[in-house]
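>>> Mind looking at a prediction? Sequence and model below.
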Amino acid sequence: MSSESHALHGHDAHDDHDGAAEHGSLKSYMIGFVLSVILTAIPFWLVMSGAIADRQVTAIVIMIFAVVQIVVHMVYFLHMNAKSEGGWTMMALIFTIILVAIALTGSLWVMYHLNANMMPSHEMLNQLP
Amino acid sequence: MTTTLDTPGTARVYHLPEEHEHAEGSSTSLGFWLYLMSDCLIFAMLFGAYGVLGGNYAAGPSPKDLFDLPLVAVNTSMLLLSSITYGFAMLAMQKKLKGATLAWLAITGLFGLAFLSIEIYEFSHMIHEGATPQRSAFLSAFFTLVGTHGLHVTFGTLWLVTLMVQVGRFGLIAANRRRLMCLSMFWHFLDVIWIGVFTIVYLMGMLR
């Protein structure tokens, strides 16, 4: 924020020096809200209308929308930045993302191959309706 | 850091002789953020379980038989609206407007209740159709994941009511502002988790 705009919008909490000023402004909340509505509406529309014929492509596209929307929420609603709490919130977030990525890709990868390699036996096939 | 001169006769000091002052609650928001990150790991494991088991219908109903996307869209908008109204409550809090803060918190709580009502309706409808958690691995994983999120929203709403009583009684004192800040993080975090739920469970379920 430039000093001019700060003088004009004195009520906005943009003082970077104030530790309690991590709440964002009306403008940032509204930007976040509008972006979230758009990023929610498009994936719902894509799936409900079947606009993209290929399901796999649709799945990848809605995943990308979800990731972008999570980032939007983090920035505009949770006010994440590299500086808050001396960088420790960002550090904890990065650590969590790494753990989540390892655990999720590991589980899905291992279990997918386990399923693929465990072909159903004759008795199991008989039990299927 | 302290440096202790190694003079004979004096005991060495291996700790800070006196801890420097921390303002009350100065570390709360970082601590609460760390709690949210651990909560994130819980949800990651539930998402992992759903990802592994989500296709095991045991000849029971599949997502296409059960999910009603327009209802999920309404539910999603309830949670999104509650997020922005909580943001307005925080803005009112910053301006020290007690009445406006309480009003926005009440609206947020109503949106939260609307979300929970729709979710309970959806669950009861599914259970009534025989799609209980015991029916298949897919449904066990579904109810665990979405139910855990719903429980978080339930406790968030209880916390919201508690804070409304606190603010009503004691006003926007520093302790209450800190608590509102923590609930703000919690509430927005639940919305972030819901993005994962509606994308991976509902939308991708319909694509299976």
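Received, thanks.
>>> Would you mind finding the longest helix in the chain?
Reading this off chain A. Counting residues, the longest helix in chain A under DSSP state H turns out to be helix A:88-117.
>>> Wait, chain B was what I had in mind.
Longest helix in chain B, counting by DSSP H: helix B:137-170.
>>> Distance from the chain centre to it, please.
In this view, helix B:137-170 has its centroid 7 Å away from the chain centroid, taken as Cα atoms, centre = their mean, to the nearest Å.
>>> could you say what helices and strands the next helix or strand after that helix packs with?
Using DSSP states H and E, the helix or strand that follows helix B:137-170 in sequence is helix B:174-196. Secondary-structure packing of helix B:174-196 (3 or more Cβ pairs under 8 Å, 6 or more residues apart in numbering or on different chains; DSSP states H and E): helix A:55-72, helix B:28-53, helix B:69-94, helix B:137-170. Where you see a C-beta, it was placed from the backbone N, CA and C, and this is true even at glycine.
>>> list the helices and strands the helix or strand containing A:Thr40 packs on?
Secondary structure from DSSP H and E places A:Thr40 in helix A:26-49. For helix A:26-49, the contact count by 3+ Cβ pairs under 8 Å, 6+ apart identifies helix A:55-72, helix B:69-94 as packing neighbours.
>>> mind checking pLDDT for B:Glu19?
pLDDT, B:Glu19: 69.
>>> What separation is there between the residue nearest the centre of chain A and chain B?
In chain A, the centroid-proximal residue (Cα atoms, centre = their mean) is A:Ile70; its distance is 2.3 Å. Per Cβ to the nearest Cβ, to the nearest Å, A:Ile70 is found 6 Å from chain B.
>>> Poorly predicted segments of chain B, please.
Counting by pLDDT under 70, chain B has low-confidence residues at B:1-11, B:17, B:19.
>>> Apply 90 and report the result again.
Across chain B, the ranges flagged by pLDDT under 90 are B:1-27, B:29, B:55-56, B:208.
>>> can you tell which of the helices and strands packed on helix B:174-196 is closest to B:Gly112?
helix B:137-170 (4.4 Å; Cβ to Cβ).
>>> what's the angle from that closest one to helix B:174-196?
Orientation check (axes from the mean of the first three to the mean of the last three Cα atoms, to 10 degrees): helix B:137-170 against helix B:174-196 gives 160 degrees.
>>> mind listing what B:Glu129 touches?
Taking Cβ atoms under 8 Å, 6 or more residues apart in numbering or on different chains as the criterion, B:Glu129 is in contact with B:Pro61, B:Leu66.
>>> B:Pro133: which element?
Going by DSSP H and E, B:Pro133 is not part of any helix or strand.
>>> Please give me every residue in contact with it.
B:Pro133 makes contacts with B:Leu139, B:Ser140, B:Phe142, B:Phe143, B:Thr144, as judged by Cβ under 8 Å, 6+ apart.
>>> please redo it, this time with the cut-off set to 7 Å
B:Leu139, B:Ser140, B:Phe143 (Cβ atoms under 7 Å, 6 or more residues apart in numbering or on different chains).
>>> what do you get for A:Val68?
A:Leu39.
>>> picking up where we left off before, which pLDDT value does the model give the residue nearest to the centre of chain A?
The per-residue pLDDT reported for A:Ile70 equals 96.
>>> Surely it is in contact with B:Asp191?
No - judged on Cβ atoms under 7 Å, A:Ile70 makes no contact with B:Asp191 at a distance of 9.6 Å.
>>> what about residue 73, how many residues close to it?
Just going to use chain A. By other Cβ atoms under 10 Å in any protein chain shown, the residues close to A:His73 number 23.
>>> look at chain B instead
17.
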